[in-house]
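**Student:** Predicted model follows, preceded by the sequence.
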Amino acid sequence: MLTETSLVADLRRHHLFSRLPEAALQEVCASANLKRLPAGASLFHQGDKAERFYFLFSGQVKLHRVVCDGQEKLVEVIRAGESFAEALLFTGAPNYPVSATALKASLLASLNGPHYRRMLEQHPSICLDILGTLSIRLHQRLNEIDTLTLANASHRVVRFLYQSQEDDSGVVTLDVPKRLIASKLGIQPETFSRILHRLIESGMISVQRRRIEILDSRGLAAYQD
């Protein structure tokens, strides 16, 4: 059961719950479990039975899967204030298609999927908000597919830098390890580091620990290697 006032308020601000009547939200909280995961702990594994979805209060969780060649592929990094696995409420998929592992010490709400779906049937207007969010995620996945299929390694890194900059400021803050970014881009960690080094040598970016600054936006856009 989820009872802490501040956590319930965090849940209420999320689009999955913001339009629920108070009584309905209390039902959701009554069927929820609070989970604390240390860094490196698994929440669920690819192929596990999918009956719960999750909201992350604090920390970071990576969603990843093992592909046909046996390598781990990063799908997404979940950050505080985000939900995940809710799409399975609509697909009817019986099993999780990915694994979930804490990157940092994390606090989550584990939510009853079938119960929440029954509540949506009573409040169908909420489905429009959910569809909007799922459409955004689909668009993001399509962009990632374009990047992986149409671009070489250098172009993938350049595209990542442009898409990750903060409010077009030219500043990118890496909040996950470089090896995970490389995995998401479909390249080896050493390839990612080598491309960054070339961009530094070319005067297009500067790197200080986890902070990358784009120094020559026009040159970076035209970068060929």
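**Tutor:** Received the coordinates, thanks.

**Student:** helices or strands next to the worst-scoring helix or strand of the chain on mean pLDDT in the packing?
**Tutor:** Least confident helix or strand of the chain, by mean pLDDT, DSSP states H and E, is helix 125-150 with a mean of 75. Applying 3 or more Cβ pairs under 8 Å, 6 or more residues apart in numbering; DSSP states H and E, we find helix 125-150 packed against helix 113-122, helix 153-164, helix 178-185. Glycine gets a C-beta too; all of them are placed from N, C-alpha and C.

**Student:** can you give me the strands in this structure?
**Tutor:** 33-37, 42-44, 52-58, 60-66, 72-79, 83-84, 99-102, 106-112, 171-173, 205-208, 211-214 (DSSP state E).

**Student:** For P189, which of those is the nearest?
**Tutor:** P189 lies closest, by Cβ to Cβ, to one member of the strands of the chain: strand 72-79, at 11.5 Å.

**Student:** Rounded mean pLDDT for the closest one, please.
**Tutor:** The pLDDT scores in strand 72-79 average 91.

**Student:** can you state the direction angle for it and strand 60-66?
**Tutor:** 160 degrees (axes from the mean of the first three to the mean of the last three Cα atoms, to 10 degrees).

**Student:** tell me how far strand 72-79 is from the chain's mean position?
**Tutor:** 6 Å (Cα atoms, centre = their mean, to the nearest Å).

**Student:** Output the contacting helices and strands for that strand.
**Tutor:** Partner elements for strand 72-79 (3+ Cβ pairs under 8 Å, 6+ apart): strand 60-66, helix 178-185.

**Student:** That strand pairs with which strands, and in what direction?
**Tutor:** Paired with strand 72-79 in the same sheet, following DSSP bridges, are strand 60-66 (antiparallel).

**Student:** Show me which residues of the partner strand are buried.
**Tutor:** Within strand 60-66, the residues that count as buried by 16 or more other Cβ atoms under 10 Å are 60-65.

**Student:** before we move on, the earlier item: how distant is the least confident helix or strand of the chain from the center of its chain?
**Tutor:** Centre-to-centre, helix 125-150 and its host chain are 12 Å apart (Cα atoms, centre = their mean).

**Student:** burial of R198, as a residue count?
**Tutor:** 15 (other Cβ atoms under 10 Å).
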